[in-house]
Structures are given as C-alpha cells and as structure tokens.
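Peer 1: Model the following, please.
(one chain, ligands or ions: 1)
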Amino acid sequence: MDLMRELCLAPGISGYEDEVADIIERELKDVADSIERDNMGNIIATKKGSKKAPKIMLAAHMDEIGLMVRFIDDNGFIKFSKIGGITDSILVNLTVTIHSSVGEDVIGVIGSKPPHVTKQEERKKVIPSDKLFIDIGAKDREDAEKMVAIGDEITFNSLFVEYPNNLIMGKAMDNRAGCYVLMEVLKRVETDATIYAVGTVQEEVGLKGAKTAAFKLNPDMAIALDVTLSGDHPGIKPEEAPVVIGEGPSLILSDAGGRGILTSTSVKELLIKAGDENDIKYQLEVSDGGTTDGSAIQLIREGIPTGVLSVTTRYIHTPVSVCSMDDIESTIQLIVAAINSL
Ligand code: ZN
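Peer 2: From the prediction side, this is the model:
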C-alpha cells in the first residue's frame, strides 16, 4: 500500500514523468538484468530469458493528466494549458501544485467569478478553462515570476485514502495502478521468456512513448496495463460501462469503437486461458470510449500481437479516482499466470 500511495502522490504530467520513473528504477533495479531510459524518457527494465523464448513487452504509462503554466498576467494571475483529456467542469476552485522550475513547489487555487455576481443563466453553464486562472497570492507579474515560470508542470492536489473494502482513493490511479501492476509482475514472474517492463511517457497526449519503445524493443507480444471506467456508481448505466470494481481486471476486446485496439486473438486467448485455468476473475470489455498504449504498440513495424488489461476505476480523468487493491492483485496474478504458461 505504501508503494501505491507513493506512486499516486508523485507528480508526473505528460513530459514530466521522471519522479515516477525514479520509483520504478528504485523498485526494479535489483529485479531486472538491465534498466535504462530511452531518448523519450521511457524506462525499460529487462528480465532476460533464453534466446529461443519469446520477448514480451509490458507497458504502463507513467504520465497523468494535469495543467501547464501558459501565461502570467500583469496582476500575477496564471493562465494555463490543459495537458491530456480534461473536462472544464472539474477545474473550478480546485487547489493545485505548481512544480516550479525556479524555486519550491507553489500551491495555487483555480479561481473564477464568484456566484454572487454570476447571472442566473451563467450559473448553469460550464466555465471554459480559458476563462479560469490560478491564484498563487502574487502581487503582480514580477512577483509571480519569482515563484513560477512558463512551462511549469501543474498537478491536482488530492489526498490518498485507504477506503474500507480494500478500495483506495487518490490522484492519478490512471495510470499509477498500471505502474504498480507492471512492477509487481516483473518481481513475481518466473519464465524463460524475455520480459520488458516499460514505464511509458506521454500516453495521455497521443500514446507517444509506447510507439518509440515498441519500435526499439520489437517484441513478439505486448500487453498494455491501464485503467478503465467502472459502471457501478450513480450517473452511469451498466450498458455505458459494463465492467465494475471488484470483479477483476477488464480484458479489453475492443476500444474506441474499434478505432483504438481490436485485441489480437492470440493474446486474448492466452489471457482468457490463464484466467480460467487459475480461477482468476476477469471481465470482458468492448468499449466505445478512449484507448491505451496498446493501440500504438499493435501497429509498430509489421504489427505486434497486443492486448490490454485494465484496472476498473471510478472517476477517471478527474483530480481523484477510486479503485480496488483486490482488482490490482488479480490483474498481477492474471498476467503472471499468462506469462508463466508460455
Ligand atoms: Zn491511462
């Protein structure tokens, strides 16, 4: 649990994944035969197998959605860019941390026009992010520039809480849950195959790191580790999100209506067999929503057989989400069983 807490609290918007990579390096340096960071910033931990055995790439993106300092106005207020898929409605009056390149971390609040001076019809509308700003208590631009700079990374401030029933609540479950699975699988797996455990960069802004890492490694098979929507809370229908917390990992058959991944048959069969033969719970998912690193990896070189296992998670792409340590554990067990069966 301490490792999961540390992963969730670590800052790492797209392009700023180093702190997460540092955790992965620390955890895997004694487990892997080699560990390296490539030109993009991906971290690749390799457990070498025999020459004849297959090479398997496991990919978990390290980046989280967040904001970036775009402009500082004359009064010292900060305008920001959204990095990754963020809905404007979640931003108003959030507290954030600006990871300053010129000094200490700075806490800020996303300010907006107060309700007292908002017209009736305005109150019903979502305030677009370009009308929002961050207040860091600066007296003017010069004062603000002593604290932060253009391009600084901004993350959401969220607690990490252990809920009852082995659930956890915190920031960036997307995709620190996948990073946790990645590390545990490398620690536990016993196989003749070569395993590349890859923490990828810049997934939330276009599946970028996975592309270059897959090209470099040229694996025989790949599994992306991520999170997926849970359909078990008010406001969402089972038909909109048919998988739920507590029923094991979601084995994605198709996402983004087939424009993302259509999971390779060989990988699908391997994972289903591993689940069935070892009595590990899993759920099958066909989704119309977003996609994962798996879609990028599948299309590298001549095509790489690829699948996706996702931890079912509530409130993805908001400042805070909820998932189950039991599901994380069954995801680990399923992948370890699949790899060990090769
Ligand atoms: Zn993700």
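Peer 1: Alpha carbons only: can I get the helix or strand of the chain with the lowest mean pLDDT in CSV?
Peer 2: Across the helices and strands of the chain, mean confidence by mean pLDDT, DSSP states H and E is lowest for helix 120-123: a mean of 77. What follows is helix 120-123, C-alpha atoms only, in CSV (Å, rounded to 0.1, in the frame of the first residue of the first chain):
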residue,chain,number,x,y,z
GLN,A,120,-28.8,33.1,-13.3
GLU,A,121,-28.2,31.7,-16.9
GLU,A,122,-24.4,31.8,-16.5
ARG,A,123,-24.6,29.6,-13.4
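Peer 1: Now the host helix or strand of residue 335 - C-alpha only, CSV.
Peer 2: For residue 335, the host element (DSSP states H and E) is helix 325-340. The C-alpha trace of helix 325-340 is given here as CSV (Å, rounded to 0.1, in the frame of the first residue of the first chain):
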residue,chain,number,x,y,z
MET,A,325,-6.4,-3.3,-4.4
ASP,A,326,-8.1,-6.6,-5.0
ASP,A,327,-8.5,-5.9,-8.7
ILE,A,328,-4.9,-4.7,-8.8
GLU,A,329,-3.9,-8.0,-7.3
SER,A,330,-5.9,-10.1,-9.7
THR,A,331,-4.5,-8.2,-12.6
ILE,A,332,-1.0,-9.0,-11.4
GLN,A,333,-1.9,-12.7,-10.9
LEU,A,334,-3.5,-13.0,-14.4
ILE,A,335,-0.5,-11.6,-16.2
VAL,A,336,2.0,-13.7,-14.2
ALA,A,337,-0.1,-16.8,-14.9
ALA,A,338,-0.3,-16.0,-18.6
ILE,A,339,3.4,-15.4,-18.9
ASN,A,340,4.4,-18.4,-16.9
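Peer 1: Pull the residues that contact the least confident helix or strand of the chain.
Peer 2: Here helix 120-123 makes contact (CB atoms under 8 Å, 6 or more residues apart in numbering) with residue 115. Every residue, glycine included, has its C-beta placed from N, CA and C.
Peer 1: Could you pull out the buried residues of that helix?
Peer 2: Buried positions in helix 120-123, judged by neighbour count with 16 or more other CB atoms under 10 Å: none.
Peer 1: Could you point out the helix or strand that follows it?
Peer 2: Proceeding N to C from helix 120-123, the next assigned helix or strand is strand 133-135, under DSSP H and E.
Peer 1: For the next helix or strand after that next one, name the packing helices and strands.
Peer 2: Note on strand 133-135: by DSSP H and E, the next helix or strand toward the C-terminus is helix 141-147. Helices and strands touching helix 141-147, by 3 or more CB pairs under 8 Å, 6 or more residues apart in numbering; DSSP states H and E, are strand 66-72.
Peer 1: Now find how far off-centre the strand it packs on is within its chain.
Peer 2: Relative to its parent chain, strand 66-72 has a centroid offset of 21 Å by CA atoms, centre = their mean, to the nearest Å.
Peer 1: buried residues in whatever helix or strand comes next after it?
Peer 2: Counting by DSSP H and E, the element after strand 66-72 in chain order, helix or strand, is strand 78-83. Across strand 78-83, burial judged by 16+ other CB under 10 Å covers 78, 79, 80, 82, 83.
Peer 1: Tell me how many other residues crowd residue 103.
Peer 2: Residue neighbour count, defined by other CB atoms under 10 Å, stands at 10 for residue 103.
Peer 1: does it belong to a helix or a strand, and which?
Peer 2: Assigned by DSSP H and E, residue 103 falls within no helix or strand.
Peer 1: beta partners of residue 83?
Peer 2: Beta bridges link residue 83 to residue 66, judged by DSSP bridges.
Peer 1: Please list all residues in contact with residue 187.
Peer 2: With contact taken as CB under 8 Å, 6+ apart, residue 187 is in contact with 27, 28, 31.
Peer 1: Of these, which count as buried by neighbour count?
Peer 2: 27, 28.
Peer 1: What does residue 296 show for phi and psi?
Peer 2: Residue 296 adopts backbone torsions of phi -70, psi -40, taken as degrees, to the nearest 10.
Peer 1: What is the burial count for the nearest residue to it once chain neighbours are set aside?
Peer 2: Leaving out its chain neighbours, the residue that sits closest to residue 296 by CB to CB, 6 or more residues apart in numbering is residue 207, at 3.7 Å. By the measure other CB under 10 Å, the count of residues near residue 207 is 22.
Peer 1: right, and residue 207 touches residue 295 too?
Peer 2: Yes. Shown here, residue 207 and residue 295 form a contact pair, counting by CB atoms under 8 Å, at 6.4 Å.
Peer 1: on that earlier part again, can I get the contacts of residue 187 in a markdown table including secondary structure, distance to residue 59 and pLDDT?
Peer 2: Shown next, in a markdown table, are the contacts of residue 187 (DSSP: H, G, I helix; E, B strand; the rest coil; distance: CB to CB, whole Å; pLDDT from 0 to 100):
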| residue | secondary structure | distance to residue 59 | pLDDT |
| --- | --- | --- | --- |
| 27 | helix | 17 | 98 |
| 28 | helix | 14 | 98 |
| 31 | coil | 17 | 96 |
